[in-house]
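1. Output the structure for:
(chains A and B)
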Amino acid sequence: MNDCFAPEALEALRRDMLRFASLQLRDDAAAEDAVQEALAAALDGKRKFEGRAALKTWVFAILRNKIVDAIRQRSRSVNVSSLSAEEEAMDETFDSLFKPNAHWNPGKGPKAWGDPEAALGQEQFWAVFEACLKYLPANTARVFMMREFLEFDTDEVCAELKISSSNCHVILHRARNGLRRCLEQNWFAAGASSC
Amino acid sequence: MLTCKEVTHLLSEGQDRKLTVAERVRLEMHFLVCEGCGNFRKQMDFLRAACRRYVGERSRDDDRND
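-> Residues are numbered from 1 along each chain as shown, chains lettered A, B, ... in the order given. As a prediction, this is how the structure comes out:
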């Protein structure tokens, strides 16, 4: 049982946590703080763990709360509703997929991805998935990850970040479409298309 | 008839709230004639599944090694 607290095991765990926290906070110092606090809280808990997997699940549950705290603190200073140039560029790219009548441009519609679930078992896929998440503009990513990784309701996301619910939907739509395109271009390259 | 652009917005919102019956009927009618939007729907569902799995993997991937 002690080996889940062995230095190498803890170091590997800490690295995974740091990746997860950095992806969401986009701030290495804040991510480091959240991870340290979560690890300290978990190890102080003097709980008995049925091996490493149980410890990891427990520590990640604490880490999520620490990430939420960090987001809350910063949401006072971050203006999520202001559009960056990157976000405007994403919207332009999205609009370019459509004809003036708002139907897909020939060849630009979403392709069939075959059996995408098969990708979930492949390590390479997750590297592309993480790269695509990192590629999202910071505010877009923040809203998306609160919704999908921290599993807030959309109402809670809007309330935390003080944005209107219609803006929340616009941001989530932007994020999902950006990710979809990124995965399509970098992983699911082939397939048939469109309307 | 919904436009494809409207369909993408509704499908994204469908990940966040329960769509009304009227909205779902309009979507289904659209899918009958539009393969691209049908693909978009599957991709939205896949993204949700991938995110759940990603979070789960982060917290459970030691299961594979032990």
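2. host element of the closest residue to chain B within chain A?
-> Proximity of chain A to chain B (Cβ to the nearest Cβ) peaks at residue A:109, 2.7 Å away. (Glycine included, C-beta is placed from N, CA and C.) Residue A:109 is part of no helix or strand when elements are defined by DSSP states H and E.
3. so it touches residue B:5, yeah?
-> No: contact criterion Cβ atoms under 8 Å: residue A:109 and residue B:5 do not qualify, at 11.3 Å.
4. Who has more neighbours out of those two?
-> Shown here are residue A:109 and residue B:5; by other Cβ atoms under 10 Å in any protein chain shown, residue A:109 has more neighbours (22 against 17).
5. Which of the helices or strands spans the residue lying closest to the more buried one once chain neighbours are set aside?
-> Nearest non-adjacent residue to residue A:109, counting by Cβ to Cβ, 6 or more residues apart in numbering or on different chains: residue B:36, 2.7 Å away. Per DSSP H and E, residue B:36 falls inside helix B:35-60.
6. Give me the buried positions along that helix.
-> B:35-41, B:43-44, B:46-47, B:50-51, B:53-55, B:58-59 (16 or more other Cβ atoms under 10 Å in any protein chain shown).
7. before we move on, what about stretch A:142-153?
-> For stretch A:142-153, by 16+ other Cβ under 10 Å, it's A:142, A:143, A:144, A:145, A:146, A:147, A:148, A:149, A:150, A:152.
8. end-to-end on stretch A:22-33?
-> Here the two ends of stretch A:22-33 are set 11 Å apart, with distance taken as Cα to Cα, to the nearest Å.
9. Just give me how far that stretch sits from the chain centre.
-> Chain-centre distance of stretch A:22-33: 13 Å, with Cα atoms, centre = their mean, to the nearest Å.
10. Could you pull up phi and psi at residue A:144?
-> phi -60, psi -50 (degrees, to the nearest 10).
11. who are the neighbours in contact with residue 28?
-> Since you didn't name a chain, this refers to chain A. residue A:22 (Cβ atoms under 8 Å, 6 or more residues apart in numbering or on different chains).
12. Distance of it relative to residue A:22?
-> 6 Å (Cβ to Cβ, to the nearest Å).
13. what do you get for residue B:27?
-> 37 Å.
14. center of chain A - which residue?
-> residue A:145 (3.9 Å; Cα atoms, centre = their mean).
15. Not counting sequence-adjacent ones, nearest residue to it?
-> residue A:24 (4.7 Å).
16. was I right about the one you found contacting residue A:149?
-> Yes: under the criterion of Cβ under 8 Å, residue A:24 makes contact with residue A:149 at 6.6 Å.
17. on that earlier part again, in terms of pLDDT, where does the residue nearest to residue A:145 sit?
-> pLDDT for residue A:24: 89.
18. is it true that it lies in a helix?
-> Yes: using DSSP: H, G, I helix; E, B strand; the rest coil, the assignment for residue A:24 is a helix.
19. how about low-confidence regions in chain B?
-> B:57-66 (pLDDT under 70).
20. do the same with chain A
-> A:1-5, A:45-53, A:76-78, A:190-195.
21. Outline the domain layout of it.
-> Taking automatic domain parsing as the reference, chain A has its domains at A:2-75, A:85-186.
22. Can you name the residues that contact residue B:46?
-> Contacts for residue B:46 (Cβ under 8 Å, 6+ apart) come out as A:113, A:116, A:117.
23. Residue of chain B nearest chain A, please.
-> For chain B, Cβ to the nearest Cβ, closest residue to chain A: residue B:36, 2.7 Å.
24. That residue touches residue B:4, doesn't it?
-> Yes: using Cβ under 8 Å, residue B:36 is in contact with residue B:4, at 6.5 Å.
25. returning to that earlier point: what separation is there between the residue nearest to the centre of chain A and residue A:81?
-> Plainly put, residue A:145 is 17 Å away from residue A:81 if you go by Cβ to Cβ.
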